[in-house]
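Peer 1: Sequence first, predicted model second:
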Amino acid sequence: MTTTAVPPETRAEPDIATISPPPKQSWWRSLAQNWPVKLVVLVIVVIWIVPTLGVLISSFRPPDDVNASGWWSVLPDIWNTDWTLVNYDDVLSSEGFGNSFLNSLAVTIPATVIPITIAAFAAYAFAWMEFPGRQWIFVGVVALLVIPLQMSLIPLLRIYTTIDLNGTFLAVWLAHTGFGLPLAIYLLRNYIGSLPSSIIESAQIDGASHFQIFTQLVVPLSVPVLASFAIFQFLWVWNDLLIALVFLGGERQVRVVTQALAELNGSRGQAWHLLTAGAFITMALPLAVFFSLQRFFVRGLTAGSVKG
Amino acid sequence: MVDVGDRDVATTGLSDPDRGREPAERSAPREPEPRRGLGVQLLRVGVSLVVPVVAFLVLWWATDLLRDAEANRIIVVGVALLIGVLGVFGLYIGMDRVVNRLPARAQDAVRPFVFIGPALVILSVYLLYPTVNTTILSFRDANGEGFVGLDNYVDVFTQEQTQQALVNSLLWVIIVPLLAVAIGLGFAVLADRLGKRAEAVSKSFIFLPMAISFVGASIVWRFIYNFRPEGFGEQIGLLNGIWTGLGNEPVAWLLQEPWNNFYLMVIMIWLQTGFAMVILSAAIKSVPDEILEAARIDGANEFQVFWRVTVPSIASSVVVVTTTIVITVWKVFDIVFVMTGGEFGTSVVAERMVTEFFIFQNDGKGAALAVILLLAIVPLMVVNVRRFQEQEATR
């Protein structure tokens, strides 16, 4: 189904070749000549959004309708269909997604702020402070990028069980901090290290301490990279299932939205009116972030290509 | 306090990281290196370790309060946010205050360790120690006690279920990156020929799944693959809707071994194509127009221009994208876990690792699988970090 993308591109080439030394053409003519490209793009876009669209439409249909007919059956007569919020009501209250949404916020926001803060201080020290072993420690931190978090699960669960930290937000914050730190330090060190040394030096001559230089000069100048990493980490934590599953446990009181959705999928796998609404609740915030902060979002994700 | 002058410095972007080394070294002679006695050395280690540990204990005590299951959830969440966010700021401000009270000579020596201390402690506890520990556990039995030599590894490579997981993972890391990069590249090239607005809109639709969690995406696609035996009502899964519309019998897609593996891979392709597309699109746009024009004037057709000029110019980006997707795919656990639970011949290594360790409580075998995950990633990650470093250097 999805493999159709490449061959049409080559088929489209001759048309484009005739355009490329562009003589004056009327707009309809260029539109007509470009149509194979436009058609292929349109087909791929439709294939890509139809899955999400189906979930969105189903989540607003009455439960009986969802289970009686395919969601596409509303399309011919979309204005005359019954729409309802009852699925969202059910999922948020009786299935506990409302609670889980709050828990997800309580997990995600500190699990984003803590690693950024710790990494920013460390990155500043690696870039602008003098201490023995600086280069080697930094190389060591970068080397930790290769370690997949699966390597840490078993020993950490053992430690957490020993000190009775399992099932707390703190356990999850610190785990996400640990797994996010190498990338964060690496990215921030690259950026902070490239700030012009003249600024830092003149501040030092003015008598500013490292703490002042960091908080009042370096942090404001590093907003772009901080924002990119913040978005990357926020989505990473919000969308995570594995760490929540292992360290937060399955208790209804503390579980996050991804856990709630996975559990609903396990217990009521054919209740599509609930599953679609639940899926949309978990997606809502990331999608909002995506649409509002697309530029930082793309930068964050591309920078995230070195996360272990 | 300090006049920043030109705010645009922030946009000069990431460049040679070594440039940052100079000023600190240059400034070193200004303040003659103080003699550092044993006391100062101990102080360094002290602040690196003690302060984070104290902070941890305070946080721990605070979360104890949060365990009260009866408390109002909104209040609990609010308190958690306050503690989590303010706690980390407070840690550094407090540590800075403490250091300021030290004698001036000790301050300079100790302060860098206040800045990197918490990071080093967390990295040691959460990555360094576990890596060593997991490696040791992989040579021990299910409880992590008796030494069993290479038994766990032998099991992984000889038992049917893990063998299948290895084969499936191998198929995943070949097929998913290949298709995601091919579709992403094809789409980037095509979208490049559209108007600016149409290009931006169409690209954001392809990229949108990147925002969705693996769990969410799994639900989205389980709905597509949904199956009802004939006579149990209308098909509500899109695929069976189309399939039966064409006059066929409905199919339980996720039970069709071995094809169900491919149906799960489609989810990952759907998620990752946007990533490939965005990076490759940026690479294509950075190929200078003059080179393309020169090739055209020399009589190359568009097909030749693409394969002989564009593709070689973006080769480095293609490598980065491919290795990144390979790593992501290699570690994927959620999709298989949610869609099939590893049943029906769909198990993969990362999913197997969690199942062995978390469900079957076999720490030894779980650890062996984790080590296998790590070993396969190391060379790829080295490639990625190198390329990333090169890119940053040329920006």
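Peer 2: Structure received. For clarity, every value in this text was computed on a predicted model and none was experimentally measured. Residues are numbered from 1 along each chain as shown, chains lettered A, B, ... in the order given.
Peer 1: So the one helix or strand residue B:264 maps to, near chain A or not?
Peer 2: Using DSSP states H and E, residue B:264 maps to helix B:259-285. Yes. Using C-beta under 8 Å from any C-beta of the partner chain, helix B:259-285 comes into contact with chain A via B:266, B:269-270, B:273, B:275, B:278-279. In this view, the C-beta of every residue, glycine as well, is placed from N, C-alpha and C.
Peer 1: Which strands and helices lie in contact with that helix?
Peer 2: helix A:35-59, helix A:294-303, helix B:160-191, helix B:196-207, helix B:214-224, helix B:315-330, helix B:334-339 (3 or more C-beta pairs under 8 Å, 6 or more residues apart in numbering or on different chains; DSSP states H and E).
Peer 1: ok and that helix relative to helix B:214-224, angle-wise?
Peer 2: 120 degrees (axes from the mean of the first three to the mean of the last three C-alpha atoms, to 10 degrees).
Peer 1: which parts of helix B:259-285 are buried?
Peer 2: Across helix B:259-285, burial judged by 16 or more other C-beta atoms under 10 Å in any protein chain shown covers B:260-261, B:263-281, B:283-284.
Peer 1: And the helix or strand just after it, what's buried?
Peer 2: Downstream of helix B:259-285, the next assigned helix or strand under DSSP H and E is helix B:289-297. Neighbour counts over helix B:289-297 (16+ other C-beta under 10 Å) mark B:292, B:295-296 as buried.
Peer 1: Off-centre distance for helix B:289-297?
Peer 2: Mean-position distance between helix B:289-297 and its chain equals 38 Å (C-alpha atoms, centre = their mean, to the nearest Å).
Peer 1: Please compute how far stretch B:213-225 lies from its chain's middle.
Peer 2: 20 Å.
Peer 1: centroid residue for chain B?
Peer 2: For chain B, the residue nearest the mean C-alpha position is residue B:328 (6.3 Å; C-alpha atoms, centre = their mean).
Peer 1: Please report the distance of residue A:190 from chain B.
Peer 2: To chain B, residue A:190 is 5 Å away according to C-beta to the nearest C-beta, to the nearest Å.
Peer 1: If I look at that residue, what pLDDT would I see?
Peer 2: Turning to residue A:190, the model gives it a pLDDT of 83.
Peer 1: Tell me who's in contact with the closest residue to the residue nearest to the centre of chain B other than its chain neighbours.
Peer 2: The shortest distance from residue B:328 to any non-neighbouring residue, by C-beta to C-beta, 6 or more residues apart in numbering or on different chains, is to residue B:272 (6.7 Å). By C-beta atoms under 8 Å, 6 or more residues apart in numbering or on different chains, the residues touching residue B:272 are B:176-177, B:180, B:184, B:210, B:325, B:328-329.
Peer 1: now, which of those residues sits nearest residue A:130?
Peer 2: residue B:328 (38.1 Å; C-beta to C-beta).
Peer 1: Against residue B:322, how distant is that closest one?
Peer 2: Here the criterion is C-beta to C-beta, to the nearest Å. By it, residue B:328 lies 11 Å from residue B:322.
Peer 1: joint contacts of the two?
Peer 2: Counting by C-beta under 8 Å, 6+ apart, nothing touches both residue B:328 and residue B:322.
Peer 1: Can you name the residue of the stretch 101-250 of chain B nearest chain A?
Peer 2: In the stretch 101-250 of chain B, the residue that lies nearest chain A is residue B:126 (2.5 Å; C-beta to the nearest C-beta).
Peer 1: can I get the helices and strands packed on helix B:259-285 in CSV with distance to residue A:133?
Peer 2: Putting the helices and strands packed on helix B:259-285 into CSV (distance: least, C-beta to C-beta, whole Å) gives the following:
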stretch, distance to residue A:133
helix A:35-59, 49
helix A:294-303, 27
helix B:160-191, 37
helix B:196-207, 42
helix B:214-224, 39
helix B:315-330, 29
helix B:334-339, 39
